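Visitor: sequence and predicted model, in that order:
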Amino acid sequence: MAVALSEKAASEVKRIMEEQKFEDGMVLRVGVAGGGCSGFQYSLGFDKGWDDKADNKYDYHGVTLVVDKKSALYLDGTTVDFYEGLEKRGFTFDNPNAVKSCGCGSSFSA
């Protein structure tokens, strides 16, 4: 399995990249870092490149998504989506490996 990017999330990523006028070759990097109220915290950002030995690379709906191999252990099967509602707006993580998550959804334990 891998980390997946929904079509709606990919559309939002492309919108941000166009709005910010990112250079060609920019990738979306998804990862995990220690922290947050549940032990691990999701990270999502843009990066200028990737390392074939240290990262897994995927292409979804015209967006290149990169996950470092250490984070991939915790994110296997995760889908990154984009939610837009009256109460909140932003990227969400549906992680089947999370056994506990915080109320805000930005940290988890596995």
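Guide: Arrived safely, thanks for sending. Numbering: from 1, shown residues only.
Visitor: centroid-nearest residue for the chain?
Guide: Nearest to the mean C-alpha position of the chain, counting by C-alpha atoms, centre = their mean, stands V30 at 3.7 Å.
Visitor: can I take it that that one is in a helix?
Guide: No - the assignment for V30, made by DSSP: H, G, I helix; E, B strand; the rest coil, is strand rather than a helix.
Visitor: pretty sure it contacts L44?
Guide: Yes - between V30 and L44 there is a contact under C-beta atoms under 8 Å: 5.6 Å. For every residue, glycine as well, the C-beta is placed using N, CA and C.
Visitor: how much space between the residue nearest to the centre of the chain and V67?
Guide: Distance, V30 to V67, by C-beta to C-beta, to the nearest Å: 5 Å.
Visitor: which neighbours do these two have in common?
Guide: Shared contacts of V30 and V67 (C-beta atoms under 8 Å, 6 or more residues apart in numbering): 3, 75.
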